[in-house]
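Participant: coords please:
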Amino acid sequence: MKSLLLRTLQVIASGIALLSLPLCAGQDHLFVLQVPFDFMAGNHQFPAGGYTITSDASAGTVLVRSQGEGPAAFIITYPAGENKEQVRLVFNRYGDHYFLSQVWPAGVAGRGLSKSRQEVEVAKAGSRPEVLSIVASGPRKTQR
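Facilitator: Predicted coordinates for the structure are as follows:
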């Protein structure tokens with residue numbers, strides 16, 4: 001009896017989730033950028049290359065997906081402020097280690113990523129990070 005009830009609830013929950021996808025789909029903000037270096041996003045390693053970034057502020061997530069047959073990961077984020085500028089990704093650089101720290105779709109709220117354990121360890125061993133932004137026209141340094 002319990003297993004039948006649990007199975008029924010799972011089916012109902014799955015149906016609700018599938019029906020809500022079209023409602024949430026309009027809230028995603030998708031863009032494509034080339035990243036010229038290997039980097040970490042959350043606890044995931046990504047090679048240099050083209051990436052499709054999907055930011056969903058309502059779910060508080062960012063999907064980082066390689067344009068080829070490479071890695072993909074959902075990362076939990078927090079609000080980072082409004083963006084009236086162009087699309088960009090912001091990285092913290094410690095020597096030759098790059099960590100994705102912010103995602104900024106054009107015209108909507110930016111999303112911040114919490115520091116991973118690896119970034120915290122690298123930061124403890126070195127100095128303050130250099131902040132690097134990747135925009136449609138290429139990389140550029142920014143001030144924090």
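Participant: which stretches of this structure form strands?
Facilitator: For the chain, applying DSSP state E gives strands covering 28-35, 39-41, 44-46, 49-56, 61-66, 72-81, 88-94, 97-104, 110-113, 130-135, 138-141.
Participant: mind checking which of those strands is nearest Ala123?
Facilitator: Of all these, strand 88-94 sits nearest to Ala123, with 6.4 Å by Cβ to Cβ. Quick note: C-beta positions are derived from backbone N, CA and C, even for glycine.
Participant: hmm, back to that, as JSON lines, the strands of the chain with mean pLDDT would be great.
Facilitator: Formatted as JSON lines, the strands of the chain follow (pLDDT from 0 to 100):
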{"stretch": "strand 28-35", "mean pLDDT": "82"}
{"stretch": "strand 39-41", "mean pLDDT": "92"}
{"stretch": "strand 44-46", "mean pLDDT": "91"}
{"stretch": "strand 49-56", "mean pLDDT": "87"}
{"stretch": "strand 61-66", "mean pLDDT": "88"}
{"stretch": "strand 72-81", "mean pLDDT": "85"}
{"stretch": "strand 88-94", "mean pLDDT": "91"}
{"stretch": "strand 97-104", "mean pLDDT": "91"}
{"stretch": "strand 110-113", "mean pLDDT": "86"}
{"stretch": "strand 130-135", "mean pLDDT": "87"}
{"stretch": "strand 138-141", "mean pLDDT": "45"}
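Participant: how about stretch 89-96: buried residues?
Facilitator: Within stretch 89-96, the residues that qualify as buried are 89-94, counting by 16 or more other Cβ atoms under 10 Å.
Participant: List the contacts of it.
Facilitator: Stretch 89-96 is contacted from outside by 33, 35, 39, 53, 98-104, 115, 119, 122-123, 126-127, 129-134, 142, using Cβ atoms under 8 Å, 6 or more residues apart in numbering.
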